[in-house]
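**Q** Build me a model from this:
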Amino acid sequence: MDVVFYIALTLTVFLVLALLAAPVLLRPTPAARRIMEMVKSNRPDERNVGSQERMREAILSLARSLRVRFGLAEDEKVKEQLLSAGVRSSRGMNAYFASRILGPLLGIVCGSFIQSHTLFWALSVAAVFYLVPDMWLKIKIKRRRERIRRGLPDALDLLVICVEAGLGLDQAMLRVGQELVIGHPDIHQEFMQVNLEQLAGKPRLEAWKSTAERTQIAEFSLFVSMLTQADRFGTPIVRALSRFGDEIRLKRRQRAEEMAAKAKIKILFPLVFFIFPCIFIVLLAPAFMNIAKGMRDFK
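**A** Residues are numbered from 1 along each chain as shown. So this is what the prediction gives:
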């Protein structure tokens, strides 16, 4: 009993002395204190979440649960379309599926306020709200492909410069992707995606082919085919990139000339139906007014 008492007393004294000496022994060094002062922030640690954000998260969670329940989570075609549109996060996918599910319900509610032919208008508005997300997705895909098509010659020029400077093809694509984050963010996403797939263990050729399938652009598919042939047959990559860049610029110039030639035909209809009538009114209206005034005076 006495031994247990002395042991407990010794531990108690040791712990008390350790607590008294801890502020002195464990205080940070001057360098550590300067670093802490530099990184110190006066902002509160907790972020205030507003009611609008809570409602948005609730809608997205509901859409996520409904998507899993109805089996829409396995729709690979829709996933490929979203990836082609640049929507890569699960939040964006959930928002798209939420609009597909909740849009017709909102359309039925809006159509029910119309007094005449209520059923017809409710179904019509619901169908329109169901088709609006698909139309938005197609427009987004088209605009993204056009941006990639326009920025591809610049990316090829940067690739040629990087390869001539001594970088490998993978390092050159990574460097070009980092440089194009502001000017051409879509090409930046595709190049970084290729790099991430290669880091994950995917072969180089398969990563390039998946990029071509995801973008579905003829110029980008030709670019990937050229890289594949150069890697397979060992042709100089700089020469291939230079020639391909010249061909892409020539095609872009030809496309611009084609659009300029089509503009002459497209502008014909606005001229005939909108501009010419205004010109005729401005030019002939005073003459008709003078003739009418002269006829009244003649009578």
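
**Q** For Tyr130, which non-adjacent residue is spatially closest?
**A** Pro104 (4.8 Å; CB to CB, 6 or more residues apart in numbering). In short, each C-beta sits where N, CA and C put it, glycine included.

**Q** same thing with Ala172?
**A** Ala172 sits nearest to Cys162 (CB to CB, 6+ apart), 3.7 Å away.

**Q** sec struct for that neighbour, please.
**A** Following DSSP: H, G, I helix; E, B strand; the rest coil, Cys162 is assigned to helix.

**Q** Leu241 versus that one, what's the distance?
**A** According to CB to CB, to the nearest Å, Cys162 and Leu241 sit 10 Å apart.

**Q** Any idea how many residues pack against Asp231?
**A** Applying other CB atoms under 10 Å, we find 14 residues neighbouring Asp231.

**Q** Equivalent analysis for Tyr96, please.
**A** Neighbours around Tyr96, by other CB under 10 Å: 21.

**Q** picking that back up, against Pro185, how distant is the residue nearest to Tyr130?
**A** Distance of Pro104 to Pro185, computed by CB to CB: 33 Å.

**Q** more crowded one of these two?
**A** Neighbour count, other CB under 10 Å: between Pro104 and Pro185, Pro104 has more, with 19 against 14.

**Q** And the strand or helix carrying the more buried one, what does it pack against?
**A** Secondary structure from DSSP states H and E places Pro104 in helix 90-111. Judged by 3 or more CB pairs under 8 Å, 6 or more residues apart in numbering; DSSP states H and E, helix 90-111 is in contact with helix 51-69, helix 76-84, helix 118-164.

**Q** By average pLDDT, which secondary structure element in the protein comes out worst?
**A** Among the helices and strands of the chain, helix 51-69 carries the lowest confidence by mean pLDDT, DSSP states H and E, at a mean of 64.

**Q** So which residue is dead centre in this structure?
**A** Gly86 (3.8 Å; CA atoms, centre = their mean).

**Q** which ones are touching it?
**A** Residues in contact with Gly86 (CB atoms under 8 Å, 6 or more residues apart in numbering) are Lys140, Arg144, Asp186, Gln189.

**Q** low-scoring stretches of the stretch 51-200 of the chain, by residue?
**A** 51-76, 90 (pLDDT under 70).

**Q** change it to 80
**A** 51-107, 109, 111-120, 169 (pLDDT under 80).

**Q** Leaving out sequence neighbours, find the closest residue to Ile232.
**A** Actually, residue 232 is Arg rather than Ile. Nearest residue to Arg232, sequence neighbours excluded (CB to CB, 6+ apart): Leu205, at 7.8 Å.

**Q** residues touching that neighbour, list them.
**A** Counted by CB under 8 Å, 6+ apart, Leu205 has contacts Thr228, Asp231, Arg232.

**Q** so which helix or strand takes in it?
**A** helix 204-215.

**Q** buried ones in the helix or strand just after that helix?
**A** Past helix 204-215, further along toward the C-terminus, the next helix or strand under DSSP H and E is helix 218-233. The neighbour-count check on helix 218-233 (16 or more other CB atoms under 10 Å) flags Glu219, Phe220, Ser221, Leu222, Phe223, Val224, Met226, Leu227, Ala230 as buried.

**Q** Now do the same contact list for the fourth one.
**A** Put plainly, it is Leu222. Phe244.

**Q** how about 7 Å then?
**A** Applying CB atoms under 7 Å, 6 or more residues apart in numbering to Leu222 gives no contacts.

**Q** can you check the third one too?
**A** Under the criterion of CB under 7 Å, 6+ apart, the neighbours of Ser221 are Ala212.

**Q** one more time with 8 Å
**A** Per CB under 8 Å, 6+ apart, neighbours of Ser221: Ala212, Thr215.
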